[in-house]
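Chemist: Structure for the following, please:
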Amino acid sequence: MNIETKNKQTRAISNDMGTLADDASTLPAATADVAGDKVAEARKRLAAALEHGKELLGHVREKAVGGAKATDQLVRENPYQTIAIVLGVGAVIGYMVARRCSRKGDRQRYGIGPD
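Modeler: Coordinates of the predicted model:
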């Protein structure tokens, strides 16, 4: 997964959270004609939770964007080291998968190789 894909996913999550916050903020207006102490208390708690959620979303967004930028900069500054690390991780994962599939039960189950 590249940086652009991560950025798009981060933006999509951010947009979804923003939509959720907008929907939640319209709820108190929609229930304004409902009277009662419990409803008023629920509106106050919803407003407080909404504010806290917006603050948290802002912090998460800042950290995600900062992490993506740092990763992008590191990859651009060290392309060969990045390729070597990715190649090494891929080789280890490939070895582990091949080792697991080399068991007789897995070969029969997946129809790989001689019995």
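Chemist: Please count neighbours and contacts with C-alpha atoms only from this point.
Modeler: OK.
Chemist: Just give me the neighbour total for residue 18.
Modeler: When neighbours are defined as other Cα atoms under 10 Å, residue 18 has 15 of them.
Chemist: Likewise for residue 86?
Modeler: Residues near residue 86, counting by other Cα under 10 Å, number 12.
Chemist: so how far is the strand or helix carrying it from its chain's centroid?
Modeler: For residue 86, the host element (DSSP states H and E) is helix 79-101. How far helix 79-101 lies from its chain's middle: 23 Å, per Cα atoms, centre = their mean, to the nearest Å.
Chemist: buried sites along it?
Modeler: Under the neighbour-count criterion of 16 or more other Cα atoms under 10 Å, helix 79-101 has residue 101 buried.
Chemist: packing partners for it?
Modeler: Helix 79-101 is packed against no helix or strand, with contacts defined by 3 or more Cα pairs under 8 Å, 6 or more residues apart in numbering; DSSP states H and E.
Chemist: For it, give the mean pLDDT please.
Modeler: Mean pLDDT, helix 79-101: 89.
Chemist: Output it as PDB - backbone C-alpha positions only.
Modeler: Taking C-alpha atoms only, helix 79-101 is exported to PDB below (Å, rounded to 0.1, in the frame of the first residue of the first chain):
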ATOM      1  CA  PRO A  79      15.000   4.400  -1.900                       C
ATOM      2  CA  TYR A  80      17.500   1.600  -2.100                       C
ATOM      3  CA  GLN A  81      17.300   0.800   1.700                       C
ATOM      4  CA  THR A  82      13.500   0.900   1.400                       C
ATOM      5  CA  ILE A  83      13.600  -1.600  -1.500                       C
ATOM      6  CA  ALA A  84      16.000  -3.800   0.400                       C
ATOM      7  CA  ILE A  85      13.800  -3.800   3.500                       C
ATOM      8  CA  VAL A  86      10.600  -4.500   1.600                       C
ATOM      9  CA  LEU A  87      12.400  -7.300  -0.400                       C
ATOM     10  CA  GLY A  88      13.600  -8.800   2.900                       C
ATOM     11  CA  VAL A  89      10.200  -8.700   4.500                       C
ATOM     12  CA  GLY A  90       8.600 -10.200   1.400                       C
ATOM     13  CA  ALA A  91      11.200 -13.000   1.400                       C
ATOM     14  CA  VAL A  92      10.500 -13.800   5.000                       C
ATOM     15  CA  ILE A  93       6.800 -13.900   4.500                       C
ATOM     16  CA  GLY A  94       7.200 -16.000   1.300                       C
ATOM     17  CA  TYR A  95       9.400 -18.400   3.200                       C
ATOM     18  CA  MET A  96       6.900 -18.700   6.000                       C
ATOM     19  CA  VAL A  97       3.900 -19.300   3.600                       C
ATOM     20  CA  ALA A  98       5.900 -21.800   1.600                       C
ATOM     21  CA  ARG A  99       6.900 -23.600   4.700                       C
ATOM     22  CA  ARG A 100       3.400 -23.800   6.000                       C
ATOM     23  CA  CYS A 101       2.100 -25.000   2.600                       C
END
